[in-house]
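[1] Just the structure for this:
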Amino acid sequence: MDMRAFGKGFEDLYMRSKEEGVKYVRGIPGEVVENPELKNLILTVENTTTGKLEEHELDMLVLAQGVIPRRDGDQIKKLLTLSTTSDGFIMESHPKLKPVDAPTKGVYIAGCVESPKDVKDSVTQAGAAAARASILLNAGQTKIEAITSHVVAEKCNFCGICAQVCPYNAIIAPDRKAKKPPVLIQAACAGCGACAAECAQDAIIMRHFRDEQITAQIDAILEVEPHKHLLTFACNWCSYAGGDNAGTARLQYPTTCRLIRTMCSGRVDDKFVIHAFRMGAPMVLVSGCHFSDCHYIDAVHWTQKRMDRLWTKLEKLEVRPDRLRLEWISAAEGQKFAKVMRELEKALATVTTDEIEHTMKVLAEEETKREEKIAKRTVGVGA
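    The predicted structure is shown next:
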């Protein structure tokens with residue numbers, strides 16, 4: 001429909017080809033039939049410049065089709081634990097800061113596996129990927145961020161859920177028969193925290209994002225006039241960055257929002273949400289990456305499952321499930337962040353004091369029952 005010569009030297013190539021006799025027709029290709037006498041092709045096209053139908057006799061017709069990912073790419077994705085975009089291409093760790101790094105450490109991408117591109121861009125990206133790999137290979141030692149998880153063997157009941165949850169296969173499943181706890185590969189752990197959130201025994205600790213640290217933040221936010229605050233759990237890479245985007249763009253949104261940063265929305269444990277409601281929070285928002293943009297491959301899927309579980313639990317306790325909200329906000333969606341906060345400000349006004357007190361009461365009773373069960377179980381084991 002239009003000629004867009006956007007690359008370096010492309011405009012020169014376009015002009016030179018016209019001088020050599022190449023004809024460009026702005027239009028929509030239509031019917032193609034074979035000329036039985038000359039054994040060539042007749043192409044009917046609508047010339048949108050002249051507004052007329054034209055016929056062209058061709059010896060060869062080349063159709064430029066849309067590029068799709070390789071059909072056998074799923075095997076590579078499973079072997080290397082790679083994430084993909086909504087159209088099926090391999091997703092980079094960050095489009096600007098780490099354009100050739102895959103979310104899985106030590107894996108680098110180049111060429112059309114990441115997106116459709118021409119030869120020049122493919123060669124440039126290949127050079128960047130080679131440079132990134134050489135840094136890793138020449139380092140001698142691998143440095144990891146101090147936000148990895150740690151297994152507390154004494155608390156483990158060998159269920160193996162942590163190994164199922166980990167998007168990087170960084171946890172070797174426990175051996176129930178041999179009573180061997182799971183083994184964590186520190187170099188492979190990216191610190192998303194999904195394993196710690198799913199572990200019912202609290203047998204996994206997240207360094208720098210410990211349960212006690214997050215609970216202390218909840219207590220501090222809700223210490224004074226809790227009914228006026230919207231408690232928000234925001235993932236570091238998307239939702240929290242989306243809030244920054246809204247701030248730098250000077251977008252207006254209510255000041256009732258109180259953010260607690262987590263590396264991933266998958267780190268938000270059920271007990272964090274329940275504790276917030278027990279402390280008098282009128283509403284709780286859990287926000288994370290879109291499913292196709294998750295920095296930790298598929299950890300966000302566990303966030304969705306956990307929220308579904310929490311909504312069911314709140315409904316059983318006669319607490320309005322819509323007081324717990326889930327939103328997907330990307331780093332570039334500052335406008336959406338501000339819009340969501342404005343909408344939740346209106347919803348916040350509908351939560352009455354009686355509702356909050358009822359919620360605190362039923363959740364306190366639920367917590368007492370849970371502690372009594374744990375105490376009985378402990379006594380039984382001791383006997």
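
[2] Quick one: mean pLDDT over the helix of greatest length in the chain.
    Counting by DSSP state H, the longest helix found in the chain is helix 353-382. Averaging pLDDT along helix 353-382 yields 82.

[3] Any buried residues in that helix, and which?
    Of the residues in helix 353-382, 356, 359-360, 362-363 count as buried by neighbour count, 16 or more other Cβ atoms under 10 Å. Glycine gets a C-beta too; all of them are placed from N, C-alpha and C.

[4] Check stretch 142-155 too.
    Residues 147-149, 151 are the ones in stretch 142-155 that count as buried (16+ other Cβ under 10 Å).

[5] Could you list the low-confidence segments of the protein?
    The model of the chain has pLDDT under 70 over residues 377-383.

[6] Break it down into its domains, please.
    10-58, 73-139, 146-207, 209-383 (automatic domain parsing).

[7] Quick check: end-to-end length of the shortest one?
    Spelled out, it's domain 10-58. 25 Å (Cα to Cα, to the nearest Å).

[8] Ok, stretch 204-215 next?
    One end of stretch 204-215 to the other measures 16 Å (Cα to Cα).

[9] ok so, going back, Gly66: which of the domains of the chain is closest?
    domain 73-139 (8.1 Å; Cβ to Cβ).

[10] now the spatially most central residue of the chain, nearest residue through space, not along the chain?
    When Cα atoms, centre = their mean is applied to the chain, the residue found nearest the centroid is Cys294 (1.4 Å). Of all residues not flanking Cys294 in the chain, Val300 sits nearest, at 4.2 Å (Cβ to Cβ, 6 or more residues apart in numbering).

[11] how far out from the middle of the chain is the helix or strand the one you found falls within?
    Using DSSP states H and E, the element containing Val300 is helix 299-316. Computed by Cα atoms, centre = their mean, to the nearest Å, the chain-centroid distance of helix 299-316 equals 17 Å.

[12] ok, and for that helix, which residues are buried?
    Of all the residues in helix 299-316, those buried under the rule 16+ other Cβ under 10 Å are 299-300, 302-304, 306-307, 310-311, 313-314.

[13] Apart from its chain neighbours, what residue comes closest to Asn245?
    Nearest non-adjacent residue to Asn245, counting by Cβ to Cβ, 6+ apart: Gly334, 3.3 Å away.

[14] That neighbour: what's it in contact with?
    Contact analysis of Gly334 by Cβ atoms under 8 Å, 6 or more residues apart in numbering lists 242-249, 251.

[15] Select only the buried ones of those residues in ChimeraX?
    The ChimeraX command for the buried members of the contacts of Gly334 (criterion: 16+ other Cβ under 10 Å) is given here:
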select :242,243,245,246,251
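
[16] Make TSV out of the contacts of Gly334 and add distance to Ala188 and secondary structure.
    Below are the contacts of Gly334 laid out as TSV (distance: Cβ to Cβ, whole Å; DSSP: H, G, I helix; E, B strand; the rest coil):
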residue	distance to Ala188	secondary structure
Gly242	28	helix
Gly243	30	helix
Asp244	29	helix
Asn245	31	helix
Ala246	34	helix
Gly247	34	helix
Thr248	34	helix
Ala249	37	coil
Leu251	38	coil
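
[17] Could you export the contacts of Gly334 as a markdown table, including distance to Ala126?
    A markdown table is the format used below for the contacts of Gly334 (distance: Cβ to Cβ, whole Å):
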| residue | distance to Ala126 |
| --- | --- |
| Gly242 | 32 |
| Gly243 | 36 |
| Asp244 | 33 |
| Asn245 | 32 |
| Ala246 | 37 |
| Gly247 | 38 |
| Thr248 | 34 |
| Ala249 | 36 |
| Leu251 | 39 |
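
[18] which one among the contacts of Gly334 gets closest to Ile214?
    Of all the contacts of Gly334, Ile214 sits closest to Gly243, with 17.6 Å by Cβ to Cβ.

[19] what's the angle between the helix or strand that comes right after the helix holding Val300 and helix 299-316?
    Using DSSP H and E, the helix or strand that follows helix 299-316 in sequence is strand 324-328. With axes from the mean of the first three to the mean of the last three Cα atoms, to 10 degrees defining the directions, strand 324-328 sits at 160 degrees from helix 299-316.

[20] Centre of the chain to the helix or strand that comes right after strand 324-328, how far?
    Going down the chain from strand 324-328, the next helix or strand is helix 334-348, by DSSP H and E. On the basis of Cα atoms, centre = their mean, helix 334-348 is displaced by 21 Å from the centre of the chain it belongs to.
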